[in-house]
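1. Below is the sequence, then the predicted model.
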Number of protein chains: 2
Amino acid sequence: MNDTQDLFPTRLERKLGMFERFDPVLYSEGAQRRDGPLSEEQLRDYEEKGFLSFENYFDKDEMEAFIQELRDYEEDEDLKLSEGTILEPGRQEIRSIFGIHEISERFSRLTRDPRLLAMVQQLLGSDVYIHQSRINYKPGFKGKGFDWHSDFETWHSEDGMPRMRSLSCSIILTDNGEFNGPLMLIPGSHKMFVPCVGRTPTDNYKESLKSQEVGVPDNASLRDLMVQGGIEAPKGSAGSLVMFECNTMHGSNMNMSCWPRSNLFFVYNSVENGLVNPFCGNRPRPEFLANRKDWSPLEPIR
Amino acid sequence: MNDTQDLFPTRLERKLGMFERFDPVLYSEGAQRRDGPLSEEQLRDYEEKGFLSFENYFDKDEMEAFIQELRDYEEDEDLKLSEGTILEPGRQEIRSIFGIHEISERFSRLTRDPRLLAMVQQLLGSDVYIHQSRINYKPGFKGKGFDWHSDFETWHSEDGMPRMRSLSCSIILTDNGEFNGPLMLIPGSHKMFVPCVGRTPTDNYKESLKSQEVGVPDNASLRDLMVQGGIEAPKGSAGSLVMFECNTMHGSNMNMSCWPRSNLFFVYNSVENGLVNPFCGNRPRPEFLANRKDWSPLEPIR
């Protein structure tokens, strides 16, 4: 059970229509807002669209060491058996590796990159910690897609994240083009919360990370959001960055090209938004999906 | 059995590497080549890439009557039960309607549109007839894709089309954008024939029209073709046209947007390239897939 009021009811037995979010999108004010690395225009863009994209934010060469590390993981049989590694449905290929910043010092340092961290703090208006990190692999010809969803909907119901005060940084490790299943986002969708139908099964994550069955927004709401805001898929070469708000509807199609796609995700949560018990009433998901142990503020590396 | 020499062996038990096509891409010469509606530059483009695209070839308003007719078909229960109508795997929704030019006088007249017919004759260098016609539906959120394939590979092995002397006209009936699963083509792929592995089962078409299991090119060949030529997906509003050579590798992804996509396909074959017995050794597929009865030259409507 949960003492905290559930402001975002979802996983219900009956459909509840989508409603406007209560929470701000941008949390910093005054000097904190003015003095951060993001310009006033960028801040307004983020508030309006629910994401910002930066082509070649990191140098392509800088990314090479990360990519090489990932190649090594692909052949690491121990890692394939590890709890944080999700294989493709019915296959022996890696779909996601969770907790990458705990596996690798190189990735851990990247979460504390000073420029990145300052932007995140400016948007969330406080110190932050890593709620979740992961790599998504999408190999050429066979990488499957991800259906439309709001991350917050899952993090709230299954992990007990009380409010919308977190965001994802997606760093593109391979060139993202029109044909290798790039991240697609619905601009403006973060302003509405779409409650989903269906009680959450125990240990739902074991299936949902391969193919989501609950926590799926209805088509009528998705259509409204798309008709209103359209769809965008930021393209860019390795090192490009997309920062998107925790409630922005996103998804991706399968990769029908020969060009593999790997994206790195760091989820930053405000230290003032620590997890409570899951609102769906189930026991908490494993630590590799939702950090409940260490909310100490990230410090920038020097 | 077949008296005609099989110049394009496929559906073999062992893999055979891809090889250069023997046949010309462009069949007209001299005055026939010079006097047709396509410019020398367009002809060279078609020879080089294996397709031509024309934004807004037909007027969008002109298309409205066709679209309304299709809407009516979607609700026609008799048509759903007809042999030429292919439903989505496991669903009651229409994926394709074959033989649309035989069902509808309006579509039949469109196959004989004077401008269209003159371009086709210029490319194929002879009179032509309709080998196959179809509508592909791809409804919002649930329309499935089509894996990469060469039409000629199927028409040759399963229908006995002897040579590469046919082409498809794809007319876009709904706006085709980046996100509703547009037709993707590999420029230059028409120059190579990719033999496929696997004997063709009897009545293969009953499954293959929903999801192709044989006649699937191998990933190594597809990769070579993509690295060489890239991928293109012509976009455009309703009324846009893509003409592509029978051996051009193409496919499409699923439609994750709310915007439905419907494409009309007319396959024109040269009257000098009439069908023989299927090279795979099976009995011929039904008439709605491969016209074996009426090869009389199409005459332009006035």
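-> Thanks, I have the structure now. Everything numeric here is computed off the predicted structure, so don't read it as measured data.

2. hey, where'd the helices end up in the stretch 51-200 of chain A?
-> Taking DSSP state H, counting those that start in this stretch to define them, one finds helices in the stretch 51-200 of chain A at A:60-74, A:77-81, A:100-103, A:105-111, A:114-124, A:151-159.

3. Out of the ones you listed, which one sits most buried?
-> helix A:151-159 (a mean of 25; mean count of other Cβ atoms under 10 Å in any protein chain shown). From N, CA and C alone the C-beta is placed, and that goes for glycine too.

4. Tell me who's in contact with the spatially closest residue to residue A:59 that is not a sequence neighbour.
-> In space, and not counting its chain neighbours, residue A:59 is closest to residue A:239: 5.9 Å by Cβ to Cβ, 6 or more residues apart in numbering or on different chains. Contacts for residue A:239 (Cβ atoms under 8 Å, 6 or more residues apart in numbering or on different chains) come out as A:56, A:57, A:58, A:59, A:60, A:62, A:63, A:171, A:172.

5. Serialize the helices of the stretch 51-200 of chain A to CSV and add fields for distance to residue B:183.
-> Shown next, in CSV, are the helices of the stretch 51-200 of chain A (distance: least, Cβ to Cβ, whole Å):
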stretch, distance to residue B:183
helix A:60-74, 31
helix A:77-81, 37
helix A:100-103, 37
helix A:105-111, 39
helix A:114-124, 39
helix A:151-159, 32
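
6. okay, now the spatially closest residue to residue A:50 that is not a sequence neighbour: neighbour count?
-> Nearest non-adjacent residue to residue A:50, counting by Cβ to Cβ, 6+ apart: residue A:190, 3.3 Å away. By other Cβ atoms under 10 Å in any protein chain shown, 30 other residues sit near residue A:190.

7. Repeat that for residue A:55.
-> 12.

8. That one contacts residue A:237, correct?
-> Yes. At 7.5 Å, residue A:55 counts as touching residue A:237 under the criterion of Cβ atoms under 8 Å.

9. The residue in the stretch 1-150 of chain A positioned nearest to chain B: what's it in contact with?
-> Of all residues in the stretch 1-150 of chain A, residue A:141 sits closest to chain B, at 5.1 Å by Cβ to the nearest Cβ. Contacts for residue A:141 were tallied using Cβ under 8 Å, 6+ apart; they are A:255, A:256, A:257, A:258, B:219, B:222.

10. gap between the first one and chain B?
-> For residue A:255, the distance to chain B equals 9 Å [Cβ to the nearest Cβ, to the nearest Å].

11. Is it correct that that residue is in contact with residue A:136?
-> No. Judged on Cβ under 8 Å, residue A:255 makes no contact with residue A:136 at a distance of 10.9 Å.

12. before we move on, what SS does residue A:221 have?
-> helix (DSSP: H, G, I helix; E, B strand; the rest coil).

13. Could you check how far it is from residue A:187?
-> Counting by Cβ to Cβ, to the nearest Å, the gap from residue A:221 to residue A:187 is 15 Å.

14. ok, the residue nearest to residue A:3 when sequence neighbours are not counted to residue A:157 distance?
-> Nearest non-adjacent residue to residue A:3, counting by Cβ to Cβ, 6+ apart: residue A:276, 7.4 Å away. Per Cβ to Cβ, residue A:276 is found 12 Å from residue A:157.

15. Could you do residue A:185 as well?
-> Distance from residue A:185 to residue A:157, by Cβ to Cβ: 21 Å.

16. Repeat that for residue A:233.
-> 27 Å.

17. hey, where'd the strands end up in chain A?
-> Applying DSSP state E to chain A gives strands spanning A:19-20, A:51-54, A:85-87, A:94-98, A:128-138, A:146-149, A:166-172, A:183-185, A:192-193, A:241-245, A:250-252, A:261-270.

18. Can you add mean neighbour count, distance to residue B:198 and mean pLDDT and give these back as TSV?
-> Shown next, in TSV, are these (neighbours: other Cβ atoms under 10 Å in any protein chain shown; distance: least, Cβ to Cβ, whole Å; pLDDT from 0 to 100):
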stretch	mean neighbour count	distance to residue B:198	mean pLDDT
strand A:19-20	10	53	97
strand A:51-54	20	43	98
strand A:85-87	18	27	85
strand A:94-98	22	28	88
strand A:128-138	23	27	94
strand A:146-149	20	31	94
strand A:166-172	25	37	96
strand A:183-185	24	34	97
strand A:192-193	22	48	98
strand A:241-245	25	41	98
strand A:250-252	23	31	96
strand A:261-270	24	29	95
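
19. what is the residue nearest the centre of chain A paired to in the beta sheet?
-> Centroid check for chain A by Cα atoms, centre = their mean gives residue A:168 as the closest residue, at 4.3 Å. Counting by DSSP bridges, residue A:168 is bridged to residue A:244, residue A:267.

20. and it, what is it in contact with?
-> Residue A:168 touches A:151, A:243, A:244, A:246, A:265, A:266, A:267, A:268, counting by Cβ under 8 Å, 6+ apart.

21. Dump these to TSV, plus distance to residue A:85.
-> Shown next, in TSV, are those (distance: Cβ to Cβ, whole Å):
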residue	distance to residue A:85
A:151	20
A:243	26
A:244	24
A:246	24
A:265	15
A:266	18
A:267	18
A:268	22
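
22. how close does residue A:100 get to residue A:168?
-> 13 Å.

23. which bits of chain A sit near chain B?
-> For chain A, the contact set with chain B under Cβ under 8 Å from any Cβ of the partner chain comprises A:140-141, A:145, A:147-148, A:178-179, A:184, A:219, A:222-223, A:226-227, A:231, A:233, A:251, A:253-254, A:256-259.

24. Drop anything exposed from the residues you listed.
-> Using 16 or more other Cβ atoms under 10 Å in any protein chain shown as the burial test, the residues of chain A next to chain B include A:140-141, A:145, A:147-148, A:178-179, A:184, A:222, A:226, A:231, A:233, A:251, A:253-254, A:256-259 as buried.

25. Can you tell me what sits against stretch A:23-42?
-> By Cβ under 8 Å, 6+ apart, the list of residues contacting stretch A:23-42 from outside reads A:43, A:46-47, A:50, A:52, A:115, A:118-119, A:121-126, A:163-165, A:190-191, A:245, A:270.

26. gap between it and the chain center?
-> Distance of stretch A:23-42 from the chain centroid (Cα atoms, centre = their mean, to the nearest Å) equals 21 Å.

27. And for stretch A:232-249?
-> That offset, for stretch A:232-249, works out to 10 Å (Cα atoms, centre = their mean).

28. Tell me how far residue A:59 lies from residue B:126.
-> 57 Å.

29. distance of the nearest residue to residue A:205 once chain neighbours are set aside from residue B:118?
-> Residue nearest to residue A:205 in three dimensions, not counting chain neighbours: residue A:285, with 5.1 Å by Cβ to Cβ, 6+ apart. Separation of residue A:285 from residue B:118 (Cβ to Cβ) stands at 64 Å.

30. Residue A:83 too?
-> Taking Cβ to Cβ, one finds residue A:83 at 65 Å from residue B:118.

31. Now do the contacts for the residue nearest to residue A:50.
-> With Cβ under 8 Å, 6+ apart, residue A:190 has these contacts: A:21, A:25, A:50, A:150, A:164, A:244, A:245, A:246, A:247, A:248, A:249.

32. burial count for the first one?
-> What that stands for is residue A:21. By other Cβ under 10 Å, the residues close to residue A:21 number 18.

33. Check the second one too.
-> For residue A:25, the count of nearby residues is 21 (other Cβ under 10 Å).

34. Look up the pLDDT of it for me, please.
-> Looking at residue A:25, its pLDDT reads 98.

35. got it, and the fourth one?
-> The confidence metric pLDDT takes the value 97 at residue A:150.

36. Quick check: it vs residue B:126, distance?
-> Taking Cβ to Cβ, one finds residue A:150 at 57 Å from residue B:126.
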